[in-house]
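**Student:** here is a sequence together with a model predicted from it:
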Amino acid sequence: MLTHRPMSKIDPSIALDVHANEAACPFTEPRARAAHKGHFGHIMVVGGHVGMAGAARMAGEAALRVGAGRVTLAVHPESRLLAGAGCPELMVHGIAHPDVLDAAFDPMSLLLVGPGLGQDDWSEAMWRQALHSGKPMVLDADGLNWLARHQKQHLPAGFVGTPHPGEAARLLSCQVADIEHNRPAALHALIQTFGGVWVLKGERTLIGDGSQHLMNTTGNPGMATAGMGDVLTGVIGGLWAQGLSPWDAARCGVFGHGRAADAVAAELGERGMLATDLLPWLRRWVNGKTT
Ligand SMILES: NC(=O)C1=CN([C@@H]2O[C@H](COP(=O)(O)OP(=O)(O)OC[C@H]3O[C@@H](n4cnc5c(N)ncnc54)[C@H](O)[C@@H]3O)[C@@H](O)[C@H]2O)[C@@H](O)CC1
Ligand SMILES: Nc1ncnc2c1ncn2[C@@H]1O[C@H](COP(=O)(O)OP(=O)(O)O)[C@@H](O)[C@H]1O
């Protein structure tokens, strides 16, 4: 039986001018002596459903490790203790009723929406609250899956989307093979459809905003492991919260994330790499230390 398949938004005739991503460490000057945490942003991670507290935790911890001032996790009440365990620097709210988020969003400089958010009614209510806040945001993982279901949703002006090819296929109503067959055309379709800055992950991640398109060359197959994308979301958010533009946060974040993974691989090999292994190397990178 034939099943209806919506028409793909990918135009295979698209040929983008794609340059190498040569993003260096974005911070070259030491911090001002009188710096305080209020200067480096307050991020809220919206995610962490039951069984996926770790996704929100990894995004939050990565944001702190690249220098964000404050990070709060808004997670399912059953995830609250686990999400913060072992990282007391993170603030953690268990959210039973997502409508309380309206007030909680007020002091936030930006949101990271999706790591471990899940697919049920609670997840959708959390997602809707985040979108309606109008806050700048990085949308990842289930945050993107909800966007795929509600295509016409109005996105905030400051927006970075970070799909892997599976999520990109859901967003563009096509198969993963269609994405992989012509990744620049898929990137173009994401930008045309939704606006903002897009990071199409995978081997040689692409970054684009409609006027510039880059291909990343750092990173290695050791990164094909759970949670690696959650860490990237935190890195991009942490750089953005410190004053970089969304574009610079995306291109520098992708570069530094891959660079940290390459340092881990050089020391211990690719196999068995954990997403959290990158954290000390991200810290080195963001302080301009060669890895
Ligand atoms: N410790 C945790 O709490 C973790 C929670 N996670 C959460 O789990 C939820 C589901 O995310 P998943 O990404 O696992 O599930 P998805 O179903 O979105 O993605 C998995 C599928 O996407 C496709 N795919 C992914 N990367 C690809 C690539 N590079 N090339 C080709 N195809 C590719 C493959 O078909 C793969 O089976 C998210 O909310 C996520 O944040 C994951 O991030 C893993 C770790
Ligand atoms: N073979 C590879 N080479 C380079 N980078 C890779 C490779 N495989 C995965 N990555 C990177 O690792 C990350 C994986 O993210 P994602 O698939 O979202 O993982 P998760 O959902 O488990 O967090 C992305 O940044 C991706 O670009």
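**Tutor:** Cool, the structure landed. Ligands and ions are numbered 1, 2, ... in the order given.

**Student:** which residues touch the spatially closest residue to P163 that is not a sequence neighbour?
**Tutor:** Excluding its sequence neighbours, the residue lying closest to P163 (Cβ to Cβ, 6 or more residues apart in numbering) is L144, at 5.2 Å. Heads up, the C-betas are built off the backbone N, CA and C, glycines and all. Listed by Cβ atoms under 8 Å, 6 or more residues apart in numbering, the contact set of L144 reads G114, G161, T162, P163, E167, R170, L171.

**Student:** in helices, which of the residues you listed fall?
**Tutor:** Residues from the contacts of L144 lying in helices, with DSSP state H as the criterion: E167, R170, L171.

**Student:** just the buried members of those?
**Tutor:** Among those, the ones that count as buried by 16 or more other Cβ atoms under 10 Å are E167, R170, L171.

**Student:** and which of the residues you listed is nearest A241?
**Tutor:** E167 (23.1 Å; Cβ to Cβ).

**Student:** quick one: contacts for the closest residue to L16 other than its chain neighbours?
**Tutor:** Closest residue to L16 apart from its sequence neighbours, by Cβ to Cβ, 6+ apart: P184 at 4.3 Å. Each residue near P184 by Cβ under 8 Å, 6+ apart is listed here: I14, A15, L16, V18, L206, H213.

**Student:** wait, which of those is closest to A157?
**Tutor:** Comparing the contacts of P184 against A157 with Cβ to Cβ places H213 closest, at 20.5 Å.

**Student:** I'd guessed that closest one sits against A20; true?
**Tutor:** No - counting by Cβ atoms under 8 Å, H213 stays clear of A20, with 10.9 Å between them.

**Student:** so these two - more neighbours on which side?
**Tutor:** Shown here are H213 and A20; by other Cβ atoms under 10 Å, H213 has more neighbours (19 against 10).

**Student:** what bridges to that one?
**Tutor:** G208 (DSSP bridges).

**Student:** need the contact list for it.
**Tutor:** Neighbours of H213 in contact, by Cβ under 8 Å, 6+ apart: L16, D17, V18, H19, P184, L187, H188, L206, I207.

**Student:** pLDDT wise, what is the third one at?
**Tutor:** Among the per-residue scores, V18 shows a pLDDT of 93.

**Student:** same check, this time on the fifth one
**Tutor:** The predicted local distance difference test score for P184 is 96.

**Student:** for L200, see how far away it is.
**Tutor:** As judged by Cβ to Cβ, to the nearest Å, P184 and L200 stand 9 Å apart.

**Student:** what touches both of these two?
**Tutor:** With Cβ under 8 Å, 6+ apart as the test, P184 and L200 both reach L206.

**Student:** please name the nearest non-neighbouring residue to the residue in the stretch 151-291 of the chain that ligand 1 sits nearest to.
**Tutor:** At 2.2 Å from ligand 1, G166 is the closest residue in the stretch 151-291 of the chain, using Cβ to the nearest ligand atom. Spatial nearest neighbour of G166, chain neighbours left out: V176 (5.7 Å); criterion: Cβ to Cβ, 6+ apart.

**Student:** just to be sure, A23 is in a strand?
**Tutor:** No - according to DSSP: H, G, I helix; E, B strand; the rest coil, A23 belongs to no strand; its state is coil.

**Student:** that one contacts G258, doesn't it?
**Tutor:** No - counting by Cβ under 8 Å, A23 does not reach G258; the two are 10.0 Å apart.

**Student:** got the residues of this structure near ligand 1?
**Tutor:** Neighbours of ligand 1 within the chain, by Cβ under 6 Å from any ligand atom: 52, 54-55, 115-117, 141-142, 164-167, 176, 202, 226-227, 229-230.

**Student:** understood, closing this out.
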